[in-house]
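Q: Got a predicted structure here, sequence first:
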Amino acid sequence: MKRNFDEIVQWIGAIAIVSGHTLNTLIEYNFNVRPWNILAFSLGTIAFLIWALRVRNGPQILVNIVSMTICALGLYRAL
């Protein structure tokens, strides 16, 4: 059960991060996707942080904490 949950969380994170990057490319074509792009990155980062905490992956935990800080600042500026 743990492995299945971990895989689901990782896939949610991957899909959300890819969605964030896709939305970012739309900005280049003058589509206003803020704050949706930041929210997608936030969801992906939260999912990967949950996974990293569960598997005790220290470097990934650090990356996700820094990413969440950047996302929080971006959301603050976008809203």
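A: Nice, I can see it. Numbers count the residues shown, from 1 in each chain.

Q: rest of the way, CA atoms for contacts and neighbours
A: OK.

Q: mind listing the helices in this structure by residue range?
A: For the chain, helices defined by DSSP state H occupy the ranges 2-27, 36-55, 58-78.

Q: What are the contacting residues of the shortest one?
A: Right, the one you point to is helix 36-55. Helix 36-55 is touched from outside by 6, 9-10, 12-17, 19-21, 23-24, 58, 60-61, 64-65, 67-68, 71, 74-75, with contacts defined as C-alpha atoms under 8 Å, 6 or more residues apart in numbering.

Q: Show the buried residues in those residues.
A: For those, a neighbour count by 16 or more other C-alpha atoms under 10 Å gives the buried set as 6, 9-10, 12-14, 16-17, 19-20, 23-24, 60-61, 64, 67-68, 71, 74-75.

Q: In contact with Asp6, which residues are there?
A: Asp6 sits next to Trp51, Arg54 when contact means C-alpha under 8 Å, 6+ apart.

Q: What separation do you get for it and Arg34?
A: Distance of Asp6 to Arg34, computed by C-alpha to C-alpha, to the nearest Å: 29 Å.

Q: about what we covered before: any chance of TSV for the helices of the chain, columns mean pLDDT?
A: Shown next, in TSV, are those (pLDDT from 0 to 100):
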stretch	mean pLDDT
helix 2-27	94
helix 36-55	96
helix 58-78	95
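
Q: Just give the number of residues close to Thr22.
A: Thr22: 13 surrounding residues under other C-alpha atoms under 10 Å.

Q: Look up how far Leu75 lies from it.
A: Taking C-alpha to C-alpha, one finds Thr22 at 18 Å from Leu75.

Q: What of Leu53?
A: As judged by C-alpha to C-alpha, Leu53 and Leu75 stand 24 Å apart.

Q: repeat for Val66
A: Val66 is 14 Å from Leu75, by C-alpha to C-alpha.

Q: what about stretch 25-41, distance to the chain center?
A: Chain-centre distance of stretch 25-41: 14 Å, with C-alpha atoms, centre = their mean, to the nearest Å.

Q: May I see the buried residues of that stretch?
A: Within stretch 25-41, the residues that count as buried by 16+ other C-alpha under 10 Å are Arg34, Trp36, Asn37, Ile38, Leu39, Ala40, Phe41.
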